[in-house]
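Undergrad: coords please:
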Amino acid sequence: MTRLDCTVTSCLYNKEHCCCKDNIEVGGVSGGFRNSAQEAPSGENHARHSRDTCCVSFRERGEGGVRSSVDIPTKNTDVACRVMECTFNAGCHCQAKHIGIAGGAACDCDDTECTTFRCKCD
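TA: The predicted structure is shown next:
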């Protein structure tokens, strides 16, 4: 499992900079498609920079600050990764020991990014 720090305070699953989900998915761009719900025909997501990635699991917190019913934050999270160019991606699974998800007051998963992303192209 990967240690996850998340600064996306507008996410339904964020509590104390930890994620209350026990698994997340990181996606990337592919011919203008940004997340796995809108993936390119090949099914692969391509990125060259962390800004080209996103947390597909992001859900905006509703009115009144309603949180997820799964309200127990955990630092260790299983991370599925669809960003083929990331050095930490092995078989669509993140192998990094620690990752960061950023996005502050994001309204959509497109406003988030995996700050740990490192391109194999570098």
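Undergrad: what is the mean pLDDT for the host helix or strand of Ile101?
TA: Element membership for Ile101 (DSSP states H and E) is strand 98-102. Computed over strand 98-102, the mean pLDDT rounds to 96.
Undergrad: Please state the offset of it from the chain centre?
TA: Taking Cα atoms, centre = their mean, to the nearest Å, one finds strand 98-102 lying 8 Å from the centre of the chain it belongs to.
Undergrad: same question for the next helix or strand after that strand, mean pLDDT?
TA: The element immediately downstream of strand 98-102 (helix or strand, assigned by DSSP H and E) is strand 113-114. Strand 113-114 comes out with an average pLDDT of 96.
Undergrad: what's strand 113-114 packed up against?
TA: Other helices and strands packing on strand 113-114, by 3 or more Cβ pairs under 8 Å, 6 or more residues apart in numbering; DSSP states H and E, are strand 53-55, strand 98-102. The way it works is simple: take the backbone N, C-alpha and C, and place the C-beta from them, glycine included.
Undergrad: looking at the ones you listed, which is buried most?
TA: For the helices and strands packed on strand 113-114, ranked by mean neighbour count under the definition mean count of other Cβ atoms under 10 Å, the leader is strand 53-55 at a mean of 29.
Undergrad: For that strand, which strands pair with it and how are they oriented?
TA: Take DSSP bridges as the rule and strand 53-55 pairs in its sheet with strand 23-28 (antiparallel).
Undergrad: and the angle from the partner strand to strand 98-102?
TA: With axes from the mean of the first three to the mean of the last three Cα atoms, to 10 degrees applied, the angle from strand 23-28 to strand 98-102 works out at 70 degrees.
Undergrad: how distant is strand 23-28 from the center of its chain?
TA: Distance, centroid of strand 23-28 to centroid of chain: 4 Å (Cα atoms, centre = their mean).
Undergrad: repeat for stretch 98-113
TA: Relative to its chain's centre, stretch 98-113 lies at 7 Å (Cα atoms, centre = their mean).
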